[in-house]
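Participant: Pasting the sequence and the predicted coordinates here, then a few questions.
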Amino acid sequence: MLLEGIETLLVLAQEGTMSKAGSRLYLSQSAVSKRIAKLEQRIGKKLIEPDGRRIKLTADARQLIAAVEPGFKALKGQIFDQLDVDDRTVIHLACSETLVAGYLAPLMGEYIQQDPFLAISTHHTPIIVERVQAGDAAIGFCAGHLPPQHGLAVTHLFDEPFSVVSHQLLTQPPSKMLVNDLKNPANANQASSLQKAGIVPYMEMDSYTAAAQLALSGVAAALVPISIVNTLNIAPHHCHHFPFLDELTRPVQLCYRPNSLQSPRTRRLIETIADSVQLAI
């Protein structure tokens with residue numbers, strides 16, 4: 001029960017609301033609240049306070065998280081390494097939403113007929129890495145730069161290019177663009193590339209699909225990865241290439257705990273995704 005409470009607090013600290021934490025943990029909002037209350041009772045300290053629709057961590061909660069988070073993730077990862085993956089064990093695959101749409105979906109319909117015990121969830125890259133580190137996912141399918149010292153095995157698949165999507169014809173780079181969340185560490189390199197090109201981020205989206213659709217409606221040009229261009233079937237006359245895009249790519253990679261390769265099913269899934277992506281690019 002204590003470990004459940006710690007896990008719930010760590011997720012709540014990331015998500016900021018009981019409902020989002022519940023979605024991550026597959027729990028109801030009331031179950032999340034009960035876990036936190038039991039943890040507070042167990043350690044004798046107040047851990048959260050209401051802050052509008054969100055929650056705010058107390059100083060005691062921040063101190064507790066700083067002390068236990070690294071060890072808790074390492075413990076979960078080590079437990080995961082000891083699990084026996086048999087023919088009916090569910091293999092969790094944590095993915096970037098754009099990679100599911102652009103590269104994974106065409107493969108999965110046939111693959112899941114052969115191995116139905118798979119579960120796919122979508123997250124931003126930092127969360128994907130955390131889930132794999134903790135053993136909550138066996139494989140991560142990531143877009144963008146991974147955090148340093150992640151301790152995972154990585155298979156680099158390719159560097160995905162971007163296109164500038166615009167409703168109007170562009171003869172030169174736009175002065176401002178719709179971009180994806182630049183506060184996400186996986187996108188950190190984009191900010192410097194845009195600055196060098198003299199382009200100001202106009203709005204920061206949480207979805208490349210949303211940015212592309214806004215661009216096509218005439219709001220502003222958008223920086224969009226090729227996977228989304230292909231998935232949305234954006235017409236070539238709406239897609240523009242400029243020299244600054246040559247150095248603005250994002251790595252697409254698979255990450256997993258090194259011991260995961262000992263499972264034939266996990267290794268087969270990793271190899272199948274890698275082969276499928278290579279055929280698609």
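Facilitator: Here it is on my side, so go on.

Participant: Spatially central residue for the protein, please.
Facilitator: H124 (2.1 Å; CA atoms, centre = their mean).

Participant: Pass me the low-pLDDT residue ranges in the stretch 1-150 of the chain, would you?
Facilitator: Residue ranges of the stretch 1-150 of the chain with pLDDT under 70: 1, 80, 83-86.

Participant: just to revisit the earlier point, give me every residue that touches the closest residue to the residue nearest to the centre of the chain other than its chain neighbours.
Facilitator: Nearest residue to H124, sequence neighbours excluded (CB to CB, 6 or more residues apart in numbering): N184, at 5.7 Å. All C-beta spots, glycine's among them, are computed from the backbone N, C-alpha and C. By CB atoms under 8 Å, 6 or more residues apart in numbering, the contact set of N184 is 124-126, 144.

Participant: Out of those, who's the most crowded?
Facilitator: Highest neighbour count within the contacts of N184, by other CB atoms under 10 Å: T125, with 27 neighbours.

Participant: got a pLDDT number for the closest residue in space to it that isn't next to it in sequence?
Facilitator: Nearest non-adjacent residue to T125, counting by CB to CB, 6+ apart: A186, 3.7 Å away. Predicted confidence (pLDDT) for A186: 84.

Participant: From S96, how far out is the residue nearest to H124?
Facilitator: Distance of N184 to S96, given as CB to CB, to the nearest Å: 11 Å.

Participant: which neighbours do those two share?
Facilitator: Residues touching both N184 and S96 by CB under 8 Å, 6+ apart: 124-125, 144.

Participant: For this structure, which segments count as helices?
Facilitator: Assigned helices in the chain, in chain order: 2-15, 18-25, 29-43, 59-82, 97-99, 105-114, 125-133, 188-196, 208-216, 226-231, 264-280 (criterion: DSSP state H).

Participant: Turn the ones you listed into a markdown table, columns for distance to K176.
Facilitator: Below are the helices of the chain laid out as a markdown table (distance: least, CB to CB, whole Å):
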| stretch | distance to K176 |
| --- | --- |
| helix 2-15 | 31 |
| helix 18-25 | 31 |
| helix 29-43 | 39 |
| helix 59-82 | 37 |
| helix 97-99 | 22 |
| helix 105-114 | 32 |
| helix 125-133 | 25 |
| helix 188-196 | 10 |
| helix 208-216 | 12 |
| helix 226-231 | 20 |
| helix 264-280 | 32 |
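
Participant: Of all those, which one comes closest to E49?
Facilitator: Distance to E49, taken as CB to CB, is lowest for helix 59-82 among the helices of the chain, at 9.1 Å.

Participant: quick check: angle from that closest one to helix 29-43?
Facilitator: If you take axes from the mean of the first three to the mean of the last three CA atoms, to 10 degrees, helix 59-82 sits at 110 degrees to helix 29-43.
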